[in-house]
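Enquirer: sequence and predicted structure below; questions after.
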Amino acid sequence: MHRSGFVNIIGRPNAGKSTLMNALVGERMSIITAKPQTTRHRILGLLSGEDFQIVFSDTPGVISDPSYRMQEMMNSAINTTFEDADLMIYLVDPKEQYTEDEPLVGKLRRLKAPLFLVINKVDATSKEQVAKIRKQFLKWVKPDQVMEISALKGKGVEELMEAIKSKLPEGPAYYPKDQLTDRPERFFVSEIIREQILEQYHQEIPYSTEVGIESFKEDTTRDGKPIVNISALIFVARRTQKPIIIGKGGSSIKKLGTAARKRIEDFLEQKVYLELHVKIRDGWRDNENELKRFGYDR
Ligand SMILES: Nc1nc2c(ncn2[C@@H]2O[C@H](COP(=O)(O)OP(=O)(O)OP(=O)(O)O)[C@@H](O)[C@H]2O)c(=O)[nH]1
Ligand SMILES: [Mg+2]
């Protein structure tokens, strides 16, 4: 018998969804930073074996009161996971405060698919606090299982994987068994650059920024070694943000370029030449055409 299914990971920004998906698929796929709203798109991570295929989804954290069209679209990426889930993982950060009107709780009550309530970050939270959060959520939702894990330390991840496998329905492989994700290489390259922007810049800058790959070409250096030539565009939402990205005498963008290049080299397992340019796209976060171009309408 072959088993397969969509296992969708949802929760608040910063709960550790991307860390968990990467731990489950065993690849550094989704970007992870300490800042909330790091993930902006639904990203599939595939895990296949002889007799099973799990289609994991990493998703943006739910935003309770979106200020931009972009954030509304991030929320709608979460809504699609309610339509196709064979199993829903609701990931909770026990260090946070919750109330019954938590954005996803109502929808989770009406969910037909099995629900796992997974309490993350137990490595960094007291037992009492974990127990309190567990009790609280059990008043609000009826999960099929409750688990306590540390996605960061890998604690409880194997047990979670076993529990997931035991809930997988009978079904065919949806993707070729050697495929790892639904996204092309260049998407991950732009994500790595965005990750480094989140790491390096502060306040509104990372949130006002989008990255596009202008060209991506395999080439050889003058001495005949393989290299990937990548040219990327950093879009900012306001004119005043451009000099901040660039920094004094180009120092900030240079630092960004070096950090991103190293990461991309690790990811592609190849030498990389990376060129970065900054462009202004006034108010792109509220502009339907720009959002479409940046892939927010999938
Ligand atoms: N201590 C601890 N930190 C964790 C754990 N899992 C994730 N984190 C940290 O929490 C922060 C957010 O992790 P992400 O995986 O990016 O969280 P996310 O839910 O994908 O966040 P968004 O994409 O913004 O919605 C990072 O600093 C992680 O290192 C955990 O089990 N323990
Ligand atoms: Mg994420």
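Expert: Yep, that arrived. Ligands and ions are numbered 1, 2, ... in the order given.
Enquirer: distance of D219 relative to ligand 2?
Expert: 32 Å (CB to the ion, to the nearest Å). C-betas here are computed from N, CA, C, even on glycine.
Enquirer: can you give me the neighbour number for that residue?
Expert: Neighbours of D219 under the rule other CB atoms under 10 Å: 11.
Enquirer: in a strand, it, correct?
Expert: Yes. Assignment of D219 by DSSP: H, G, I helix; E, B strand; the rest coil places it within a strand.
Enquirer: from memory it sits against V228, does it?
Expert: Yes. In this structure D219 lies within contact range of V228 using CB atoms under 8 Å: 7.1 Å.
Enquirer: tell me the SS of I197?
Expert: Relying on three-state DSSP, one would call I197 helix.
Enquirer: would you map the strands across this structure?
Expert: Assigned by DSSP state E, the strands in the chain fall at 3-11, 43-49, 52-58, 87-92, 115-119, 145-148, 210-220, 226-236, 272-280.
Enquirer: turn those into a markdown table, columns for mean pLDDT.
Expert: Below are these laid out as a markdown table (pLDDT from 0 to 100):
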| stretch | mean pLDDT |
| --- | --- |
| strand 3-11 | 98 |
| strand 43-49 | 98 |
| strand 52-58 | 98 |
| strand 87-92 | 98 |
| strand 115-119 | 98 |
| strand 145-148 | 98 |
| strand 210-220 | 97 |
| strand 226-236 | 98 |
| strand 272-280 | 98 |
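Enquirer: want to try CSV for those strands, with distance to ligand 1 as columns?
Expert: Converted to CSV, those look like this (distance: least, CB to the nearest ligand atom, whole Å):
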stretch, distance to ligand 1
strand 3-11, 6
strand 43-49, 10
strand 52-58, 7
strand 87-92, 7
strand 115-119, 10
strand 145-148, 10
strand 210-220, 15
strand 226-236, 20
strand 272-280, 23
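Enquirer: now these in JSON lines, with distance to D178?
Expert: Below are the strands of the chain laid out as JSON lines (distance: least, CB to CB, whole Å):
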{"stretch": "strand 3-11", "distance to D178": "15"}
{"stretch": "strand 43-49", "distance to D178": "8"}
{"stretch": "strand 52-58", "distance to D178": "11"}
{"stretch": "strand 87-92", "distance to D178": "23"}
{"stretch": "strand 115-119", "distance to D178": "27"}
{"stretch": "strand 145-148", "distance to D178": "30"}
{"stretch": "strand 210-220", "distance to D178": "21"}
{"stretch": "strand 226-236", "distance to D178": "22"}
{"stretch": "strand 272-280", "distance to D178": "24"}
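Enquirer: which of these sits closest to G247?
Expert: Closest to G247 of the strands of the chain is strand 272-280 (CB to CB; 10.7 Å).
Enquirer: with only the CA atoms kept, save the closest one in PDB.
Expert: Written as PDB, here are the backbone C-alpha positions of strand 272-280 (Å, rounded to 0.1, in the frame of the first residue of the first chain):
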ATOM      1  CA  VAL A 272      29.000  32.100  -7.400                       C
ATOM      2  CA  TYR A 273      29.500  35.600  -8.700                       C
ATOM      3  CA  LEU A 274      26.700  37.700  -7.200                       C
ATOM      4  CA  GLU A 275      25.800  41.200  -8.400                       C
ATOM      5  CA  LEU A 276      23.200  43.300  -6.500                       C
ATOM      6  CA  HIS A 277      21.300  46.400  -7.600                       C
ATOM      7  CA  VAL A 278      18.700  48.400  -5.700                       C
ATOM      8  CA  LYS A 279      15.500  49.600  -7.400                       C
ATOM      9  CA  ILE A 280      12.700  51.800  -6.100                       C
END
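Enquirer: partners of that strand in the sheet?
Expert: Note on strand 272-280: by DSSP bridges, its sheet partners are strand 226-236 (parallel).
Enquirer: residues making contact with the partner strand?
Expert: 189-190, 193, 197, 205, 208-221, 242, 245, 264, 268, 270-281, 284, 290, 294 (CB atoms under 8 Å, 6 or more residues apart in numbering).
Enquirer: how about the strands of the chain, which one is nearest S67?
Expert: Nearest to S67, of all the strands of the chain, is strand 210-220, at 16.1 Å by CB to CB.
Enquirer: filter the contacts of strand 226-236 to the buried ones?
Expert: Listed as buried from the contacts of strand 226-236 are 189-190, 193, 197, 205, 208-213, 216, 245, 264, 268, 272, 274, 276, 278, 281, 284, 290, 294; burial here means 16 or more other CB atoms under 10 Å.
Enquirer: which ones are touching the closest residue to P60 other than its chain neighbours?
Expert: The shortest distance from P60 to any non-neighbouring residue, by CB to CB, 6 or more residues apart in numbering, is to M74 (3.9 Å). Neighbour list for M74: Q37, R40, H41, P60, I63, P66, Y296 [criterion: CB under 8 Å, 6+ apart].
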